[in-house]
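Q: dropping a prediction and its sequence here:
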Amino acid sequence: MSEKYTTETILVIDDEDIVRQSFCDQLEDLGYKVLEANNGKSGLALALSELPDLILTDLRMPLMSGIDLLDNCVRLLPDTPVIVISGAGLIEDVVQALHLGAFDYINKPVRNPNLLQATVSRAMQQVNLQRENKNYQLHLEQLVAERTTALSESNAQLELHKHSLEKLVDLRTEELVEVIDNLNNTQQQLVEAEKMASLGRLVAGIAHELNTPLGICLTFISSLQEKLTNFQRAFHKGQLRKEDFVSFLQSAKETSTIVTSHLTQASELVQDFKMVSVDVSSEMKREFDLVEYTKNVVNSLKAEVFESKIRIQYDRSSDYGINSYPGLFTQIFTNLIINSVTHAFVSGIAGKINIQLQLVGQVIVIIYEDDGRGMTEDTRRQVFEPFFTTTRGSGGSGLGMNILYNLVVNNLSGTVECQSQVNLGTKFIIKFPR
């Protein structure tokens with residue numbers, strides 16, 4: 001067994017002296033031994049020489065960035081967890097750090113000491129678990145060595161069966177190769193099927209919304225064509241009466257009005273899809289009406305929520321024109337709606353989603369509510385944590401609500417609150433300055 005660790009060491013790396021000293025003081029008050037460095041390069045050298053139990057590093061530093069430092073630590077100190085300190089407010093840096101292997105992240109300045117203590121405690125628990133696992137592995141290796149000695153004594157007997165075993169291994173190898181090939185083919189088919197499913201959902205949404213107006217247009221145009229044929233036949237036979245001519249003109253006018261109305265509706269639907277798809281891929285800031293844009297996003301997702309009755313309410317006396325990044329709101333509403341479809345309305349259960357827009361002074365309030373199965377208190381508390389999901393085995397990544405949280409807090413300088421009870425639905429309240 002390894003020696004007992006009495007004092008755990010934490011390395012703090014930050015180029016801002018005040019911030020770094022604040023972290024060091026708090027950690028020392030918690031009983032940890034603290035090392036410090038003011039840039040990534042010296043921090044990496046100190047980490048390699050002192051081998052701390054935990055590393056806290058800023059992302060934006062001279063000489064070596066926090067991302068580069070994290071990449072080196074993952075390679076050179078794989079057993080040492082790294083907590084990144086984000087001060088720039090860029091969710092892309094945090095997501096990249098988490099993907100590279102960061103244990104967690106903390107936004108600075110840390111106004112709640114309990115948050116730092118809780119995050120560090122969880123990281124230290126992981127360190128202790130890893131050490132226990134190593135000790136357990138050493139114990140297992142000792143057992144393996146003992147068993148190896150015992151097995152060596154049986155080698156003479158095993159040699160008698162060596163030839164038959166080799167044949168059996170060859171046979172099993174051929175079978176495994178065939179199984180692996182089948183699995184690879186199946187995996188490829190699943191990937192292609194998922195691509196087709198995504199494409200199918202988009203096409204289904206467009207087709208479902210365009211089918212009704214285009215079907216009505218086709219019906220009325222076909223009827224008008226039949227009336228035109230009868231009109232021509234009566235004209236050539238000299239049987240055309242004045243009332244027949246007047247009736248045909250009236251019918252043609254009504255058909256033209258109806259067809260024009262429904263073709264306009266179809267054109268507006270296509271424009272909704274085009275606008276939303278362009279905004280998703282663009283990061284340009286522009287003036288737009290939040291009410292109309294919300295309707296466009298909802299229309300583009302109708303294929304995903306065809307069983308849900310989505311209603312948008314807003315104060316019609318208020319002006320919801322804003323100058324912002326529309327793609328952010330596409331992500332926010334898409335994540336909320338898909339979250340409801342995935343978690344609130346499982347097993348094909350129909351439900352309702354209500355979106356309210358309010359303008360309170362210079363603050364815009366979005367109240368998103370569904371009447372689904374709701375959440376437990378434990379799930380509600382963790383809903384915005386990265387990689388937390390209740391559908392891990394069903395393809396859930398656990399990043400949807402965390403991305404939403406960071407878009408609202410960091411990009412819109414707002415707040416988001418989740419209220420939910422089991423069987424009583426879920427409500428998200430988003431506030432941000434206009």
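A: On my side now, so go ahead.
Q: okay, CA-based contacts and neighbour counts for the rest of this
A: Will do.
Q: residue with max distance from the center of this structure?
A: For the chain, the residue at maximal distance from the C-alpha centroid (CA atoms, centre = their mean) is G238, at 70.5 Å.
Q: ok, H163 - how many residues close by?
A: Other residues within reach of H163, judged by other CA atoms under 10 Å, total 11.
Q: which strand or helix spans it?
A: Counting by DSSP states H and E, the element that carries H163 is helix 162-236.
Q: the residue farthest from the centre of the chain in helix, strand or coil?
A: coil (DSSP: H, G, I helix; E, B strand; the rest coil).
Q: quick check: phi and psi on it?
A: phi 70, psi 20 (degrees, to the nearest 10).
Q: and it, how far is that from F231?
A: Here the criterion is CA to CA, to the nearest Å. By it, G238 lies 11 Å from F231.
Q: same check on V82?
A: Counting by CA to CA, the gap from V82 to F231 is 82 Å.
Q: got it, and V127?
A: Counting by CA to CA, the gap from V127 to F231 is 88 Å.
Q: how deep is N114 tucked in, by neighbour count?
A: Number of residues near N114 (other CA under 10 Å) recorded here: 10.
Q: helix, strand, or coil at it?
A: Quick answer, by three-state DSSP: N114 is helix.
Q: how close does M61 get to L70?
A: Taken as CA to CA, the span from M61 to L70 is 12 Å.
Q: neighbour count winner among these two?
A: Shown here are M61 and L70; by other CA under 10 Å, L70 has more neighbours (26 against 19).
Q: tell me the SS of that one?
A: L70 - assigned by three-state DSSP - is helix.
Q: name the SS class of S340, please.
A: From three-state DSSP, the assignment for S340 is helix.
Q: what sits against it?
A: S340 is in contact with D370, G372, counting by CA atoms under 8 Å, 6 or more residues apart in numbering.
Q: please enumerate the helices of the protein.
A: 17-29, 40-50, 66-76, 91-100, 113-160, 162-236, 242-281, 290-300, 326-339, 377-382, 400-406 (DSSP state H).
Q: Q358: which of those helices is closest?
A: helix 290-300 (10.2 Å; CA to CA).
Q: so how far is that closest one off the chain centroid?
A: Relative to its parent chain, helix 290-300 has a centroid offset of 20 Å by CA atoms, centre = their mean, to the nearest Å.
Q: list the buried residues for that helix?
A: Judged by neighbour count (16 or more other CA atoms under 10 Å), helix 290-300 contains these buried residues: L290, V291, Y293, T294, N296, V297, V298, N299, S300.
Q: which residues touch the second one?
A: Pointing back at V291 there. Per CA under 8 Å, 6+ apart, neighbours of V291: Y314, Y320, L357.
Q: okay, the residues you listed in a markdown table with pLDDT and distance to I332 next?
A: Formatted as a markdown table, the contacts of V291 follow (pLDDT from 0 to 100; distance: CA to CA, whole Å):
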| residue | pLDDT | distance to I332 |
| --- | --- | --- |
| Y314 | 89 | 18 |
| Y320 | 93 | 17 |
| L357 | 95 | 14 |
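Q: which among those residues end up buried?
A: The buried subset of these (16+ other CA under 10 Å) comprises Y320, L357.
Q: let's see which of the contacts of V291 end up in strands.
A: Among those, the members falling in strands (DSSP state E) are Y314, L357.
Q: hang on, the earlier thing: from Q232, how far off is the residue farthest from the centre of the chain?
A: As judged by CA to CA, G238 and Q232 stand 10 Å apart.
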